[in-house]
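**Student:** return a 3D structure for these sequence lines:
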Amino acid sequence: MTNTFHTVTVERAAEAYVRSRGKAQFLSIAQAIRAIRTLMPACKATDRDLEELLAAASIVHGVPVAFDLKTAVAAQPRLHS
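**Tutor:** Numbers count the residues shown, from 1 in each chain. Modelled structure (predicted):
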């Protein structure tokens, strides 16, 4: 028996997140980015890059999008190390 671990790319993570929200009323870009950064803390993609990936995947899967990143970032202080 062999164990195979697949590499999760940012694109795959975005696609999986959108598909998991297919029945939701809408997809929050801010929540999606937070989830991806939690899953992939070493992700070098910018928030803008992630926003574009998530928006594209949402269009493909017919999931409405809330472009709420700026309001979420302004409302929630972030700590940087």
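
**Student:** need the per-residue pLDDT for Thr9.
**Tutor:** The pLDDT attached to Thr9 in the predicted structure is 89.

**Student:** how about Ser28?
**Tutor:** Residue-level pLDDT assigned to Ser28 equals 94.

**Student:** next: Thr4.
**Tutor:** In this model, Thr4 is scored at 63, pLDDT.

**Student:** also Lys23?
**Tutor:** Reported pLDDT at Lys23 in the predicted model: 77.

**Student:** from Glu52, how far out is it?
**Tutor:** Computed as CB to CB, to the nearest Å, the Lys23 to Glu52 distance reads 23 Å. Using the backbone N, CA and C atoms, a C-beta is placed for each residue, glycine as well.

**Student:** and the strands in this structure, which stretches?
**Tutor:** Using DSSP state E, the strands found in the chain span residues 27-28, 65-66.

**Student:** for Glu52, see how far away the closest residue to Ala45 other than its chain neighbours is.
**Tutor:** Spatial nearest neighbour of Ala45, chain neighbours left out: Val10 (5.1 Å); criterion: CB to CB, 6 or more residues apart in numbering. According to CB to CB, Val10 stands 11 Å off from Glu52.

**Student:** repeat that for Gly62.
**Tutor:** Gly62 is 18 Å from Glu52, where distance means CB to CB.

**Student:** which one's more surrounded, those two?
**Tutor:** Set side by side, Gly62 and Glu52 give different neighbour counts by other CB atoms under 10 Å, the larger being at Glu52 (14 against 8).

**Student:** list the residues that contact the closest residue to Ala24 other than its chain neighbours.
**Tutor:** Taking CB to CB, 6+ apart, and ignoring the residues beside it in sequence, Ala24 has Val63 as its nearest neighbour in space, at 7.1 Å. Counting by CB atoms under 8 Å, 6 or more residues apart in numbering, Val63 touches Val18, Arg21, Gly22, Ala24, Phe26, Leu27, Ala57.
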